[in-house]
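[1] Quick one, fold the following:
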Amino acid sequence: HAFVLGLGLLGFWMGWAAAGPFVGTFDASITARLEGQLPPTMAANLFGNNWFVALTTAYAGVALAVPAIASLLFNGVFLGIMARLEVDPLELAAFVVPHGVLEIPAILIAGALGVSVGVTAWRTWRARASRTALADALERAFWVLIGIGILLAIAAVIEGFVSPFYYRFLL
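    Take a look at the predicted model:
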């Protein structure tokens, strides 16, 4: 988990640094991104996207953890860019915190799961673990992903129905 957190923070820092030359040229605004969004549609889209990211990050780990690591870095870079270009960082933080306390750890856990599956796949490929061990790792991933899905569903409801309307009260 520490390795995955480090990857996420490294990706965030890379995105933050990469966006530096564009500050003032391009702006991101959480308020502008929320315009015209309907809460049920927004929550469903957010859940679908985040659930897809979690599933693919965890199960793509079977390809020796490389896709899981790439997914963590990509998501960190994207968040770093968006945070650096945000016109009102405090507003962004107030919007993200209520649902982010569930969503961000859930995605990091999915990343750790992908790395774990990747290590087991590597050991299986190198004949240091049995195919049964790989099957067990994939089954364990399934059950962990059920829990992650529940966290992401709650986070999506908060992000779709609560954050767009109440984050201003946190400022």
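[2] what's the distance between the residue nearest the centre of the chain and Phe142?
    Computing the C-alpha centroid of the chain and ranking residues by Cα atoms, centre = their mean puts Ile107 first, at 4.0 Å. Counting by Cβ to Cβ, to the nearest Å, the gap from Ile107 to Phe142 is 17 Å. Where you see a C-beta, it was placed from the backbone N, CA and C, and this is true even at glycine.
[3] Check Glu35 too.
    Taking Cβ to Cβ, one finds Glu35 at 38 Å from Phe142.
[4] Sticking with the closest residue to Ala65 other than its chain neighbours, tell me its helix or strand.
    In space, and not counting its chain neighbours, Ala65 is closest to Gly118: 2.5 Å by Cβ to Cβ, 6 or more residues apart in numbering. Using DSSP states H and E, Gly118 sits in helix 89-125.
[5] Below-threshold pLDDT in this protein: ranges please.
    170-171 (pLDDT under 70).
[6] which stretches of it form helices?
    Remark: helices assigned in the chain by DSSP state H are 2-19, 30-34, 39-59, 66-85, 89-125, 131-157, 163-166.
[7] If you count surrounding residues, which of Glu35 and Phe142 has more?
    Higher neighbour count among Glu35 and Phe142: Phe142, with 13 against 8, using other Cβ atoms under 10 Å.
[8] The nearest residue to Ile109 once chain neighbours are set aside and Ile154, how far apart?
    Excluding its sequence neighbours, the residue lying closest to Ile109 (Cβ to Cβ, 6+ apart) is Ile148, at 6.0 Å. Going from Ile148 to Ile154 by Cβ to Cβ gives 11 Å.
[9] can you name the farthest residue from the center of this protein?
    Ala127 (32.2 Å).
[10] check contacts around the residue lying closest to Ala153 once chain neighbours are set aside.
    Take Ala153 and drop its neighbours on the chain: the residue closest to it by Cβ to Cβ, 6+ apart is Phe47, 5.5 Å away. Residues near Phe47 by Cβ atoms under 8 Å, 6 or more residues apart in numbering: Leu152, Ala153, Ala156.
[11] how far away is the residue nearest to the last one when sequence neighbours are not counted from Ile154?
    If you skip the residues right next to it in sequence, Ala156 has Phe47 as its closest partner in space, 3.6 Å away by Cβ to Cβ, 6+ apart. The span separating Phe47 from Ile154 equals 9 Å under the rule Cβ to Cβ.
[12] quick revisit: separation between the residue nearest to Ala153 and Trp143?
    In terms of Cβ to Cβ, Phe47 sits 19 Å off from Trp143.
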